[in-house]
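>>> Pasting the sequence and the predicted model now:
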Amino acid sequence: MEILHKDVKSIKGIGEAKAKLMAKLGIYLLEDLLYFYPRGYKDKSIITDIDKLQNEETYTIRAIVEGRLKESRSRNGMLFTKCRVKDSTGCASLVWFNNRYIKNSLVSDLEYFFHGKVKRVGKEIVLESPEFEQASAGGSLNLNRIVPYYSLTEGLSQKELRKAVRSVIEAIYEKSADVFPEEFRKLYSLAEINFSFNNIHFPESIYNLKLAERRFKFEELFMLQSGLIHIKRMNHESKKGIRFLNSDKVYDFMKSLPFSLTNAQQRVIGEIFEDMDNDNIMNRLVQGDVGSGKTIVAFLALYKCVLSGYQGIMMAPTEILAEQHYLSFCQLMGHTGLRAGMLKGSMTARQKQKVYEQIKSGELDVVIGTHALIQEGVEFCRLGLAITDEQHRFGVRQRAMLSAKGENPDMLVMTATPIPRTLSLILYGDLDISVIDEMPPGRKKVDTYYIDSSKKDRMFNFIKKELDAGRQAYIVCPLVEESEKLELSSAVEYRASLQEKYFKDYKVGLLHGKMKASEKNEVMESFRVNEAKIMVATTVIEVGVNIPNATIMVIENAERFGLAQLHQLRGRVGRGSSQSYCILVSDADNEVARERLSYMTKTENGFDIAEKDLVLRGGGEILGKRQHGLPELKIADIVQDAELLKLSRKAVEYLYDNNKLEEPEYSRMKKILDQRFSRVLEEITLN
């Protein structure tokens with residue numbers, strides 16, 4: 001509708017200054033105002049007679065102002081403004097403090113709504129600093145109703161925002177065409193759009209508010225999943241991928257590995273190879289807990305790719321992890337004849353140029369690296385398979401950039417961060433999902449303990465015993481919320497304190513995110529060869545560090561981490577044959593924080609932990625920074641609205657499976673979805 005694309009300055013009373021304030025809230029057009037949902041509501045619709053008012057309670061009354069307002073000052077100079085009001089049951093006094101504008105805001109003998117807290121002074125009923133609004137036939141925005149409350153910025157009031165929203169609703173009321181046809185609304189019990197706009201902002205009842213909320217939550221989840229499913233189907237149907245061969249040779253190679261694959265690994269390899277054997281483009285996510293063996297699965301897919309005459313790439317979020325993958329690949333796959341190379345940001349221009357030439361000429365079969373793989377200048381001879389590890393560190397856009405390096409290559413993405421099923425529908429709705437839900441035999445359970453800081457001396461003595469036995473330890477230093485600079489300073493001081501106070505006879509290293517890649521490599525090498533006995537680190541060690549000799553993981557301020565992140569950190573130990581330990585240190589007195597940390601001591605199952613984290617912290621925090629190309633969720637909550645999430649997905653599949661978008665009644669929906677798809681695709685592709 002054309003009117004919704006007008007600037008907010010077209011609203012009476014909104015000038016340049018107010019428009020700038022609204023822009024801070026992301027409100028530029030009238031449409032933005034309509035979808036700027038209230039953050040909460042207060043029910044001020046119940047009118048109470050004056051003779052029923054109770055002390056220390058908050059009420060809304062409807063009363064007439066009696067006589068003029070009177071001003072007086074206390075001995076310390078405070079201004080008091082008072083007046084009397086009455087209704088059919090009695091009288092009350094109103095008082096405001098240091099408000100010189102009130103005197104001219106109320107008119108004697110007119111009727112108003114007043115909302116405030118009651119203070120009884122003897123027999124006198126007093127409302128202190130009440131909100132008020134004249135009772136009129138036009139209906140109230142701020143009192144005598146369920147009142148919306150919006151997120152604000154300084155200089156913009158609730159009353160101003162409500163008035164602006166109301167003016168837009170009045171301008172478009174009964175003119176908005178619904179994106180959902182009547183048949184579709186009935187099928188999924190959805191309220192009509194005009195009703196929903198009115199009742200999400202100015203609900204006529206709690207029941208109507210719930211209907212409007214459900215409608216907009218469903219719409220938000222539906223639009224999000226429509227985009228993801230559209231991308232998925234487009235990849236499957238409109239583009240032809242590569243048909244890879246030689247699965248038998250890979251299976252023969254698997255028999256020669258120095259270890260046996262688990263049933264879960266074999267099942268996932270079968271799912272990947274089934275995708276690679278047909279000419280649809282593979283877009284598959286492999287979820288596997290820390291240590292479940294995702295890497296060898298990826299290497300086998302790369303081997304199949306190269307045997308079929310194509311190149312493969314594997315991208316990791318950190319140089320440490322990329323180097324680890326490269327070394328592991330050379331160790332496991334070196335005798336196969338595959339020619340592997342590495343590309344990372346810290347390489348010199350000359351080193352990079354040499355790798356560029358080897359990639360373009362086809363001299364390299366497999367390239368393992370970081371974001372450097374998707375930079376300009378990297379041209380592949382015949383890219384067939386692109387793999388990203390620790391997928392939660394990348395967004396949809398990076399996947400698209402990686403894919404664009406070849407002609408419809410297969411995509412395999414991996415994560416050691418278990419994602420609850422409900423969250424997977426949002427983050428990876430465009431991907432098929434495989435799960436490695438079995439650990440290799442012989443991996444020992446990491447004993448996990450939760451202590452407060454009063455037990456730290458005992459903890460440090462325990463660490464010394466492990467060090468004296470030849471083991472090593474990680475200590476994740478306390479998080480500082482204020483700034484990265486302070487966090488770095490804190491890490492440096494913490495490491496120095498440990499070295500001087502507790503571990504004078506042991507080398508204590510320091511690893512943090514602000515280090516240059518060469519410095520990180522030097523520190524990690526010192527730890528890898530057992531020269532440094534303790535590694536003090538920020539969460540830079542969350543992924544990509546594999547030191548089997550490290551048996552202790554200490555996490556300070558553990559309450560500040562999510563369960564999934566704690567689980568990732570814990571996964572850095574328990575990689576060798578010795579018993580390993582994880583110690584969570586926290587003085588948190590918050591009940592939820594204590595529950596989360598206690599839960600960590602009871603289970604090592606990453607998927608159970610992820611589900612628990614989702615319930616305790618909510619979806620917003622776990623999603624973190626929004627993925628490139630995915631719209632924000634403004635009203636829906638993936639935890640609270642899990643059932644709506646599933647229903648909206650069924651609705652999208654219903655449309656596609658029954659070709660409903662080709663029916664005349666669905667033409668408006670098809671047009672809007674096409675527009676949204678093109679915007680999303682524009683955002684996540686290189687064009």
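Perfect, I can see it now.
>>> which residues of the stretch 51-200 of the chain score low on pLDDT?
137-138 (pLDDT under 70).
>>> all helices in it, in order from the N-terminus.
Secondary structure of the stretch 51-200 of the chain (DSSP state H, counting those that start in this stretch): helices at 158-172, 182-187, 193-201.
>>> Can you show me the helices along the stretch 201-350 of the chain?
Assigned by DSSP H, counting those that start in this stretch, the stretch 201-350 of the chain shows helices spanning 206-237, 247-255, 263-277, 294-307, 319-333, 349-361.
>>> Out of the ones you listed, which is the most enclosed?
For the helices of the stretch 201-350 of the chain, the largest average neighbour count (mean count of other Cβ atoms under 10 Å) is found in helix 294-307, namely a mean of 24. All C-beta atoms are positioned from the backbone trio N, CA, C, and that covers glycine.
>>> Which among the helices of the stretch 51-200 of the chain is found nearest to E357?
helix 182-187 (55.6 Å; Cβ to Cβ).
>>> and the closest residue to E131 other than its chain neighbours, what is it in contact with?
Of all residues not flanking E131 in the chain, H115 sits nearest, at 4.6 Å (Cβ to Cβ, 6 or more residues apart in numbering). The contact partners of H115, by Cβ atoms under 8 Å, 6 or more residues apart in numbering, come to K44, T58, Y59, T60, I61, P130, E131, F132, L143.
>>> Report the buried members of these.
Buried subset of these (neighbour count, 16 or more other Cβ atoms under 10 Å): K44, Y59, T60, I61, P130, E131, F132, L143.
>>> Specify which member of those residues is nearest to Y450.
For the buried ones among the contacts of H115, the nearest to Y450 is K44 (45.2 Å; Cβ to Cβ).
>>> Am I right that the closest one is in contact with L141?
No. If you go by Cβ atoms under 8 Å, K44 and L141 don't touch, sitting 10.8 Å apart.
>>> Now for these two: what residues contact both?
V147.
>>> Quick one: the strands in the stretch 301-450 of the chain, in order.
Taking DSSP state E, counting those that start in this stretch as the criterion, the stretch 301-450 of the chain contains strands spanning 311-315, 340-343, 366-369, 383-388, 410-415, 432-436, 447-451.
>>> Looking at those, which is nearest to L645?
strand 432-436 (15.3 Å).
>>> follow-up on the earlier one: of the helices of the stretch 201-350 of the chain, which approaches L655 most closely?
The closest of those to L655 is helix 206-237. By Cβ to Cβ, the value is 8.0 Å.
>>> Where is the longest strand in this structure?
Secondary structure assigned by DSSP state E gives strand 58-73 as the longest strand of the chain.
>>> so who does S361 touch?
Taking Cβ under 8 Å, 6+ apart, one finds C381 in contact with S361.
>>> mind listing what the residue of the chain positioned farthest from its centre touches?
The C-alpha centroid of the chain is most remote from G67, which lies 56.9 Å away (Cα atoms, centre = their mean). G67 makes contacts with C83, R84, S108, as judged by Cβ under 8 Å, 6+ apart.
>>> who's in contact with R215?
R215 neighbours (Cβ under 8 Å, 6+ apart): L190, A191, I193, S196.
>>> now do L412
With contacts defined as Cβ under 8 Å, 6+ apart, L412 is in contact with I272, M282, R284, V286, A298, A301, L385, A386, I387, T388.
>>> Can you point out the buried residues in the helix or strand that contains G509?
Here G509 sits within strand 508-511, counting by DSSP states H and E. Residues V508, G509, L510, L511 are the ones in strand 508-511 that count as buried (16+ other Cβ under 10 Å).
>>> Please work out which residues outside that strand touch it.
With contact meaning Cβ under 8 Å, 6+ apart, strand 508-511 is reached by 491-492, 495, 498-499, 520, 523-524, 526-527, 532-538, 540-541.
>>> again, only using 10 Å
320, 472-475, 477, 488, 491-492, 494-500, 502, 519-520, 522-524, 526-527, 531-538, 540-541, 545 (Cβ atoms under 10 Å, 6 or more residues apart in numbering).
>>> Which of the buried residues of strand 508-511 scores worst on pLDDT?
Among the buried residues of strand 508-511, L511 carries the lowest pLDDT, at 85.
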